[in-house]
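S.K.: Output the structure for:
(2 chains)
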Protein chains: 2
Amino acid sequence: MSIAEFDVIARYFIQDFPKRADVILGIGDDAALSSVPEGMQLAIAIDTLVEGVHFPKNTSPEDIGYKALAVNLSDMAAMGAMPAWFTLALTCRKTDEVWLTGFSQGLLELAQTHEMSLIGGDTTCGPLTVTIQVTGFVPPDSALQRDGAQSGDGIYVTGTLGDAGLGLASIQKRVTLPCSARQFVESRLNRPTPRLVEGQALRGIASSAIDISDGLLADLGHILSASGTGASLQLDCLPLSKTLCELKPLERAWLMALSAGDDYELCFTVPPNRVVALQKALPIRSYTRIGTIEAANGLRCLDANGRLFVPEKTGYQHFN
Amino acid sequence: MSIAEFDVIARYFIQDFPKRADVILGIGDDAALSSVPEGMQLAIAIDTLVEGVHFPKNTSPEDIGYKALAVNLSDMAAMGAMPAWFTLALTCRKTDEVWLTGFSQGLLELAQTHEMSLIGGDTTCGPLTVTIQVTGFVPPDSALQRDGAQSGDGIYVTGTLGDAGLGLASIQKRVTLPCSARQFVESRLNRPTPRLVEGQALRGIASSAIDISDGLLADLGHILSASGTGASLQLDCLPLSKTLCELKPLERAWLMALSAGDDYELCFTVPPNRVVALQKALPIRSYTRIGTIEAANGLRCLDANGRLFVPEKTGYQHFN
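M.R.: Now for the predicted structure:
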C-alpha cells in the first residue's frame, strides 16, 4: 500500500481534532498560523519517543499516540502552563492504515480531553520515532521553574511513584502479576496522566517544580542543581500504590519509586509560608510531602529509623 | 564515550546561539518561556530529516545541521513570516563529540544569520533523525497562503531550479561534473538559502506562495489544488543555472527543474494589478515569471513551440 505524504496527514490527523478559536490556519500550508491571548506568555516543550528506547516494540499504536502527547503535556503541567496547540513529526517504516488509525485515536483521545488543536505535522519514512511539540500559555512571571527551591521548603509529589517501572517489568516479563495489578501498572506506564490541574493550581504556591520522567532522584536532582541546594528524603513517606507495596522486599519498591522513571507525576517544593495556600489549592489526597530542601548540597535518602539508604541506580540516562 | 543527555544539550547547543529579548527562559527547564510582540500572529512549521531518506549517509554533520534549520526557515519564507525561535529534537546512535560539534556549527551558522534563539531540545538515542520546529511572527491577515491564486495571476519562482537535483546525482555518482560545477550543485543541495527576504517582501503582493521542496510540479500542484485552479508553464522560461544548462538534452534539465525537489526556492503567484508593486519590492534578477494561473484544472507544461511536454515524474513522495 502506498499513500502520498499529504494524504497520510490529511486522512488520519486533520479530522476530529478540536478546533480552537485562536488557530487561524491549521495543517495544510507551509506553516500554521495562530494568535496568542493578550498578556500571555508562551510555554514551549518538545519530546521525542523512539521505538525500542522509550517504548517496547510491541506497544500498541493507541498507547504510543497517547503517550507521545502525554509526556509533553506533563512538561506543560510542570511549568503551570495551559496547553493550546501541538505539532507532530511522525517517522514510520511504512504506511500501515491500521497502525495509523490506532495511533491517531490514542493521540486524539488526550487532545480532546484538553481541547488541543493539532496545527502542523510532518510524516517521514524511517525507523519509528514520534516527536511532539506543545505550545501553551502562562501568565507573566508565574511559570513554575526548577531554580526556585530554598532551604526549608517542603518537597512534594503528586500521585504514586514507581508504578510505571513495575509496568515495564511486567511487560518485559521480569515479574508476574495478577491480572488486575498487571493492567493497573501497565496503564500507568502507557497512559500516564499529565498533572495539568495540579500544575496550574501550584502557580504562586510552589517555589519550583519538575515532572518525573527519569525517576525521582534524577529529576529532583535537576531542581537541586538549578536551585543550588540539597535535600533529604523520608523514604517511608514515598507514596506507593497498593500494587507496588505488595512487592517484597520494601527496598525494591523504593528503588522503583526513586529510579524507574516514566511516572509523569510532579515533584515540587513549597515554602513553609505557602503550605496553607497549598492545602486550599489542592485536595490533600492528591499530593504527599516526602522531604525537605536543605542548604547542604547532595540528596540524602533516609529510612524510617533515620539511616542513610544508598540506591543502586539514580535514574535513566540516554546515550549509555 | 558516554555523556548524559543533559550534558549533550548543554555542551553543544546552549552556548553561542543568539539570545533574543523575547525569550524569557531558554533550554534547561521543562519548557521554554517566551513573549510575542503585541499584535503579531505566530507562524509555526515543523520538518524532519531522516538519514538515508532526506540526506545520504555520508553527508557531513555541518551540512545536516544547516539544512535541518534551512528547510524550516524556507517554510517561514513561504508564509512571509519572520523567524524567531526554534526547538530541536535530535535522535542519534551514540554520543560522538566530533559529529555533534560539526552538527552544532552548521546549525549555529544559519541561526546567527537570522538572529534565532534555540529555546528547547530533546536528545534521544536511535537512528539519526533531526526534527526542528520554528516559530515566527507575521502581521495579522498578511501571511502568504497556498489558496489565493486566481485565473490570470502570473506564476513566479525565485532563484534557479534543478541544481539540488543535479547535486544529488553528483553525490550519488550518477553524473560526473567538473570540480567547480560539482561544488556549486552540491552546495545548492546541502546549503539551500531560505528566501526569507523575498517572502517578507511579497506580503501584500503575492496571492499565494509555497516553497519548492518536492519539485516545482508537486509544489505548484499544492497551490493549484488549494486554490481550485489550473495553470500552464512555459518550460523555456524556467530559470536554470549555467551548470544545469550544460546538461544535454535540455529535457533532462527541465525534468530536474520540474521534479527533483530540494531547491527551497519560492514559487508564488501575483495578480496583474500587483506586478508593478512586485517590481518595486524585489530586484528583477531575483525572480522569474514561468507561467500563468488558468481556470481550467490541471497543469500544462509547454515547450517554446507551444507543444505539450509530459514529464515522466511529478515529484518526490514519501512512503513509496
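S.K.: My guess is residue A:245 contacts residue A:253. True?
M.R.: Yes: under the criterion of Cβ atoms under 8 Å, residue A:245 is in contact with residue A:253, at a separation of 6.3 Å. C-beta: built from backbone N, CA, C; applies to glycine.
S.K.: Comparing these two, which residue is more hemmed in?
M.R.: A count of neighbours by other Cβ atoms under 10 Å in any protein chain shown puts residue A:253 above the other of residue A:245 and residue A:253, at 23 against 12.
S.K.: Against residue B:37, how distant is the more buried one?
M.R.: According to Cβ to Cβ, to the nearest Å, residue A:253 and residue B:37 sit 51 Å apart.
S.K.: Repeat that for residue A:91.
M.R.: Taking Cβ to Cβ, one finds residue A:91 at 34 Å from residue B:37.
S.K.: between the two, who's got more neighbours?
M.R.: Neighbours were counted for residue A:91 and for residue B:37 using other Cβ under 10 Å; residue A:91 has more, 27 against 11.
S.K.: Would you mind confirming that the more buried one makes contact with residue A:128?
M.R.: Yes: Residue A:91 lies in contact with residue A:128 (Cβ under 8 Å); the separation is 6.7 Å.
S.K.: hang on, the earlier thing: joint contacts of residue A:245 and residue A:253?
M.R.: Counting by Cβ atoms under 8 Å, 6 or more residues apart in numbering or on different chains, no residue touches both residue A:245 and residue A:253.
S.K.: by contact count, what packs against the longest helix seen in chain A?
M.R.: Longest among the helix segments of chain A by residue count, using DSSP state H, is helix A:61-79. Contacts defined by 3 or more Cβ pairs under 8 Å, 6 or more residues apart in numbering or on different chains; DSSP states H and E place helix A:61-79 against strand A:41-50, strand A:82-92, helix A:97-113, strand A:129-138, helix A:179-190, helix A:196-201, strand A:208-211.
S.K.: give me the low-pLDDT residue ranges for chain A?
M.R.: Applying pLDDT under 70 to the predicted model, the residue ranges of chain A that meet it are A:1-10, A:313-320.
S.K.: Look up how far residue A:54 lies from residue A:71.
M.R.: As it turns out, when the distance is counted by Cβ to Cβ, residue A:71 lies 8 Å from residue A:54.
S.K.: which parts of stretch A:227-244 are buried?
M.R.: Residues of stretch A:227-244 classed as buried by neighbour count (16 or more other Cβ atoms under 10 Å in any protein chain shown): A:227, A:229-235, A:238-241, A:243-244.
S.K.: chain center to it: distance?
M.R.: A distance of 18 Å separates the centroid of the chain from that of stretch A:227-244, by Cα atoms, centre = their mean, to the nearest Å.
S.K.: so does it get close to chain B?
M.R.: No: contact between stretch A:227-244 and chain B is absent, the nearest approach being 11.8 Å (criterion: Cβ under 8 Å from any Cβ of the partner chain).
S.K.: Between the two ends of that stretch, how far is it?
M.R.: Between the opening and closing residues of stretch A:227-244 there is a gap of 31 Å (Cα to Cα, to the nearest Å).
S.K.: ok, residue A:34 touching residue A:19?
M.R.: No: because the distance of 11.7 Å does not satisfy Cβ under 8 Å, residue A:34 is recorded as not touching residue A:19.
S.K.: Neighbour count: those two, which is higher?
M.R.: A side-by-side neighbour count of residue A:34 and residue A:19, using other Cβ under 10 Å, places residue A:34 first with 23 against 9.
S.K.: what sits against the more buried one?
M.R.: The neighbourhood of residue A:34, defined by Cβ under 8 Å, 6+ apart, consists of A:22-25, A:84-85, A:119, B:41-42, B:44.
S.K.: Which two among the residues you listed are spaced furthest apart?
M.R.: The widest separation within the contacts of residue A:34, taken as Cβ to Cβ, falls between A:25 and A:84 and amounts to 14.7 Å.
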